[in-house]
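> My questions concern the predicted model and sequence given below.
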Amino acid sequence: MDAEMIKRKATIINKAQLAPDIYRMSFETDLCKEAKPGQFVMVYPPDGAKLLGRPVCIATADEEKLDIVFRVIGKGTKEIAACNAGDVLFIEGPLGNGYPMGEDTVRDKSLVLLGGGLGAPSLLFLAKKLAEKDSQYRAYKSITAILGYRDRSLNHFLAEDFEKLGIKTIIATDDGSEGIHGNVIDAVKSKEIKADIICACGPMPMLSAVKKYAAENKAEAYISLEERMACGVGVCLGCVTKTVNKDLHSHVNNARVCTEGPVFNAIDVDI
Ligand SMILES: Cc1cc2nc3c(=O)[nH]c(=O)nc-3n(C[C@H](O)[C@H](O)[C@H](O)COP(=O)(O)OP(=O)(O)OC[C@H]3O[C@@H](n4cnc5c(N)ncnc54)[C@H](O)[C@@H]3O)c2cc1C
Ligand code: FES
């Protein structure tokens, strides 16, 4: 697919600061209608001639708008964060596979959403879909969201959005300044949360811990990887992750996170 063909103009309709260096931005764009939970968009900083797009998860989308939530890390995210309502950016997407949806095997299963730091936005859209009135995911026996933060200064950003959807939401902080003291796996253990299926997004050490926990507890785990990316559309191989099995086509233990992911069954990736 020609990457240029799906780059489209999007108007910022709202910007809010959720915590120090963390912003939520809403865009008016046709892409909102195609978006699925777990997918991402490439957002081009306004000085797009100089910078590649920056991959950011779709935090939520409906018939009219698409939201992202991001942390200012370097030049690209700083430029994006400096934009305001009324500004027009180029965005590309929706990209990637998303969380598996539509199976009818969820009856009597407990689903746990694990979001570490900036992993929470990826799960919010999933939570929104799960909470919709006609969602077959309502068949889950229980849905619990556990959101991990460095400390209370992050204002447990997005936690209230999960709660408003009627999803039981537990907060954990690394330093114990709010909620459970520890990471999201510590919270699963200390609250004795039953997890048949886990959907998780967060830093790589957390995702490795989720993979290990799922294997030890016979849970299915779908993890969203946030590797560094360049093209975002499968061309540059800048985002490959090691897989357990060889790819049938290339005969190497690699998968492109941007196209084969970002969501993988944890048993398939070597992390
Ligand atoms: C599929 C996907 C979804 C993502 N979703 C979100 C999201 O919803 N919210 C959010 O805040 N961020 C998200 N990210 C991370 C985000 O893309 C990076 O923070 C951003 O590209 C940094 O760009 P920059 O120009 O500000 O920083 P740069 O100037 O490009 O980099 C600054 C520093 O950060 C490091 N860095 C950059 N990108 C990454 C990365 N992906 N992993 C580890 N280190 C990195 C660089 O090595 C460098 O040291 C996502 C990444 C991927 C791949
Ligand atoms: S970012 Fe280029 S192949 Fe994935």
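Received the coordinates, thanks. Numbering: from 1, shown residues only. Ligands and ions are numbered 1, 2, ... in the order given.

> domain assignment for the chain?
Structural domains assigned to the chain are 3-95, 110-226, following automatic domain parsing.

> what does the stretch 151-271 of the chain put close to ligand 1?
Taking Cβ under 6 Å from any ligand atom as the test, the list of the stretch 151-271 of the chain residues beside ligand 1 reads 226-229, 262. For glycine as for every other residue, the C-beta is placed from the backbone atoms N, C-alpha and C.

> doesn't I185 make contact with A209?
Yes: checked against Cβ atoms under 8 Å, the pair A209 and I185 is within contact range at 5.1 Å.

> re earlier: redo the domains of the chain as a markdown table? Include distance to T241.
A markdown table is the format used below for those (distance: least, Cβ to Cβ, whole Å):
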| stretch | distance to T241 |
| --- | --- |
| domain 3-95 | 14 |
| domain 110-226 | 6 |
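
> Comparing these, which comes out most buried?
Across these, averaging neighbours per residue (mean count of other Cβ atoms under 10 Å) puts domain 110-226 on top, at a mean of 20.

> who's in contact with the closest residue to L124 other than its chain neighbours?
Spatial nearest neighbour of L124, chain neighbours left out: A59 (5.2 Å); criterion: Cβ to Cβ, 6 or more residues apart in numbering. Contact analysis of A59 by Cβ atoms under 8 Å, 6 or more residues apart in numbering lists 24, 67-69, 121-122, 124-125, 158.

> In strands only, show me these.
Secondary-structure check on these using DSSP state E: residues within strands are 24, 67-69.

> Kindly identify which of these also come near ligand 1.
When the ones in strands among the contacts of A59 are checked against ligand 1 using Cβ under 6 Å from any ligand atom, the ones in range are V69.

> ok, so of the ones in strands among the contacts of A59, who is nearest L248?
I68 (34.3 Å; Cβ to Cβ).

> Specify the local secondary structure of the closest residue in space to that closest one that isn't next to it in sequence.
Distances taken as Cβ to Cβ, 6+ apart place V56 nearest to I68, at 4.6 Å, with adjacent residues excluded. Secondary structure for V56, judged by DSSP: H, G, I helix; E, B strand; the rest coil, is strand.

> what about V56, distance to G238?
17 Å (Cβ to Cβ, to the nearest Å).

> give the contact list for L66.
Counting by Cβ under 8 Å, 6+ apart, L66 touches 10, 26-27, 29, 31-32, 35, 41, 58, 60.

> change it to 7 Å
With contacts defined as Cβ atoms under 7 Å, 6 or more residues apart in numbering, the neighbours of L66 are 27, 29, 31-32, 35, 58.

> Who are the contact partners of the residue nearest to it when sequence neighbours are not counted?
Here the nearest residue to L66 in space, its sequence neighbours aside, is C32; by Cβ to Cβ, 6+ apart that works out to 4.1 Å. Applying Cβ under 7 Å, 6+ apart to C32 gives the contacts 61-66.
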